[in-house]
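In: quick one, structure for this:
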Amino acid sequence: RLLRPAVLAEALTERGFPVRLTPGDEWRRLARDRVAVGDDLPIALYPAFIAEYGGQAGPSFDCSETEETLASAGLVCPAADAALLGRYLDHYVASGILTGGRHG
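Out: Next up, the predicted model:
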């Protein structure tokens, strides 16, 4: 089960990091444009994320084999939901990993 992009955008905005949702093809074009002019984007290390997909959604990930392996060992990952995402983001802000938002 995936978190919808709107949930991530809302959680970031609540923490002072305003986010505008952008269709994937536009986002990839904007990222490619920024990389082309020398902007240092961490996502540039993963060219498949910003490649041209001709209107398709782009890369997707399937962790079902990992989940099955973990389950066979008696381990179950909690569902990714807004509450879990919020805990991660709060930690990233408190520890200085995520900076630049308005707090309080």
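In: what about the chain, any weak spots by pLDDT?
Out: Along the chain, segments meeting pLDDT under 70 span 1, 55-58, 102-104.
In: and the helices in it?
Out: 5-14, 24-36, 47-50, 64-72, 82-94 (DSSP state H).
In: okay, these in CSV with distance to Gly100 next?
Out: Every residue, glycine included, has its C-beta placed from N, CA and C. As requested, the helices of the chain are exported to CSV (distance: least, CB to CB, whole Å):
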stretch, distance to Gly100
helix 5-14, 11
helix 24-36, 17
helix 47-50, 22
helix 64-72, 32
helix 82-94, 10
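In: distance to Gly101 and mean neighbour count for those - can I get that in JSON lines?
Out: As requested, those are exported to JSON lines (distance: least, CB to CB, whole Å; neighbours: other CB atoms under 10 Å):
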{"stretch": "helix 5-14", "distance to Gly101": "8", "mean neighbour count": "15"}
{"stretch": "helix 24-36", "distance to Gly101": "20", "mean neighbour count": "14"}
{"stretch": "helix 47-50", "distance to Gly101": "23", "mean neighbour count": "13"}
{"stretch": "helix 64-72", "distance to Gly101": "31", "mean neighbour count": "10"}
{"stretch": "helix 82-94", "distance to Gly101": "7", "mean neighbour count": "13"}
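In: first-to-last residue distance for stretch 33-42?
Out: 14 Å (CA to CA, to the nearest Å).
In: touching it from outside, list them.
Out: Outside of stretch 33-42, the residues within contact range by CB atoms under 8 Å, 6 or more residues apart in numbering are 31, 44, 50.
In: any chance of these in JSON lines, plus distance to Val19?
Out: As requested, the contacts of stretch 33-42 are exported to JSON lines (distance: CB to CB, whole Å):
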{"residue": "Ala31", "distance to Val19": "15"}
{"residue": "Ala44", "distance to Val19": "20"}
{"residue": "Ile50", "distance to Val19": "18"}
